[in-house]
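**Student:** Here is a sequence together with a model predicted from it:
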Amino acid sequence: MITRLSRLFLRTLRDDPADAEVPSHKLLVRAGYVRRVAPGVYSWLPLGLRTLRKIEDVVRQEMDATGAQEISLPALLPREPYETTNRWTEYGPGLFRLKDRKGGDYLLGPTHEELFALTVKGEYNSYKDLPVTLYQIQTKYRDEERPRAGILRGREFVMKDSYSFDIDDDGLTNSYATHRKAYQAIFDRLDVEYVIVAATSGAMGGSASEEFLAASPVGEDTYVRCVESGYAANVEAVVTPAPAPLPIEGQAAAVEYDTPNTPTIATLVDWANEAKVLDRTVTAADTLKNVMVKLRHPDGKTEILGIGVPGDREVDDKRLGAAVEPAEVELLTEADFAANPFLVKGYIGPKGLAANGVRYLVDPRVVDGTAWITGADVAGKHVV
């Protein structure tokens with residue numbers, strides 16, 4: 001059907017929308033493709049919807065070519081399946097939860113693994129019916145804390161999700177390879193520059209996970225890639241090999257020093273070089289920095305957690321978040337420090353954490369036999 005431009009439901013804008021931060025968001029709004037209804041919620045206008053439908057057509061064609069079959073599951077879902085898998089709790093505040101007029105618990109589907117599994121279980125009763133692959137293109141809902149970047153990170157969004165049901169591991173491997181090839185074909189047809197990287201599975205679980213990331217100067221994912229070996233991974237999934245342990249025998253015993261006014265790594269390094277505690281120049285890499293955070297678990301319980309990293313490094317928030325999922329990470333408050341007096345700001349050490357039963361995660365470089373300058377858990381004191 002041809003729509004004359006004079007009758008096209010379209011209004012372009014001269015200025016960028018006030019809430020737009022990234023170029024794609026600005027262009028979609030100014031060109032009249034989408035309109036914001038609420039934070040993270042957008043309407044698709046005629047030009048935008050035509051584009052979206054064409055992209056969906058490409059996805060359907062490539063998925064159908066693999067032998068997958070399209071279905072459509074509801075977005076309004078009962079609590080019970082998600083309670084069974086514990087994701088009603090593990091998703092935490094990311095779920096849109098609601099009650100019907102009779103008091104029954106429901107949610108707006110963030111993803112549909114449970115429903116796909118129950119659908120196949122309800123229709124098939126023998127392994128002889130397998131393998132089968134089902135997919136859908138459907139609206140999903142996640143209560144993002146800070147929806148941003150327009151349609152790239154919204155509370156309501158369109159997802160193509162696909163699930164294979166296989167007889168054995170070989171079948172699973174083949175299905176994975178088939179999907180991988182189909183996704184490559186989809187992005188190649190859409191002329192999207194992308195890189196395939198190792199990723200974490202998050203709340204969806206799984207033994208292996210890869211992401212197709214569109215290379216862009218803006219976004220919220222960062223990946224690393226070695227052009228020589230071909231290794232690529234999202235920063236939260238990077239595996240840092242731990243060095244081999246060193247023998248403890250023959251190493252100098254730990255010595256506690258008075259180190260007044262050294263609450264930072266820089267002041268500690270200056271003191272260590274002035275005091276000549278090592279037979280060489282001390283750098284930040286010789287110090288062990290202990291960063292304290294608080295975890296809020298889905299059941300509402302909180303936990304203090306220590307992270308030990310060499311002093312020349314920082315804790316990566318995304319890697320930490322992936323390591324402790326489904327718990328959420330928060331900074332300690334003054335009240336937390338007051339309630340735990342063994343946490344002495346600027347002088348926290350592993351010994352005090354161990355003595356008080358605090359879980360301690362360390363950088364892979366911190367292995368048995370490595371030596372550090374770190375806090376002595378007393379104001380104005382460090383251990384070498």
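**Tutor:** The structure has been received and is ready for your questions.
**Student:** List the buried residues in the strand or helix carrying Lys54.
**Tutor:** If you go by DSSP states H and E, Lys54 is part of helix 46-65. For helix 46-65, burial by neighbour count (16 or more other C-beta atoms under 10 Å) applies to Leu47, Gly48, Leu52, Val59, Arg60, Glu62, Met63. All C-beta atoms are positioned from the backbone trio N, CA, C, and that covers glycine.
**Student:** Report the rounded mean pLDDT for it.
**Tutor:** Here helix 46-65 scores 97 as its mean pLDDT.
**Student:** helices and strands around that helix, which ones?
**Tutor:** In terms of contacts (3 or more C-beta pairs under 8 Å, 6 or more residues apart in numbering; DSSP states H and E), helix 46-65 is packed against strand 69-70, strand 132-141, strand 156-165, helix 169-189.
**Student:** any chance of those in JSON lines, with mean pLDDT and distance to Thr119 too?
**Tutor:** Converted to JSON lines, those look like this (pLDDT from 0 to 100; distance: least, C-beta to C-beta, whole Å):
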{"stretch": "strand 69-70", "mean pLDDT": "98", "distance to Thr119": "11"}
{"stretch": "strand 132-141", "mean pLDDT": "97", "distance to Thr119": "7"}
{"stretch": "strand 156-165", "mean pLDDT": "96", "distance to Thr119": "9"}
{"stretch": "helix 169-189", "mean pLDDT": "96", "distance to Thr119": "17"}
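**Student:** Among these, which comes closest to Gly357?
**Tutor:** When the helices and strands packed on helix 46-65 are compared by C-beta to C-beta, strand 132-141 sits nearest Gly357, at 39.0 Å.
**Student:** in its sheet, what does the closest one sit against?
**Tutor:** Strand pairing for strand 132-141, determined by DSSP bridges: strand 69-70 (parallel), strand 156-165 (antiparallel).
**Student:** so how far is the first one off the chain centroid?
**Tutor:** On the basis of C-alpha atoms, centre = their mean, to the nearest Å, the separation between the geometric centre of strand 69-70 and that of its chain is 29 Å.
**Student:** just checking, next helix/strand downstream of it?
**Tutor:** That would be, after strand 69-70 and using DSSP H and E, strand 76-78.
**Student:** Show me what that next one pairs with in its sheet, parallel or antiparallel.
**Tutor:** Applying DSSP bridges, strand 76-78 is found paired with strand 105-108 (antiparallel).
**Student:** following the strand it pairs with, which helix or strand shows up next?
**Tutor:** Following strand 105-108 toward the C-terminus (DSSP H and E): helix 113-123.
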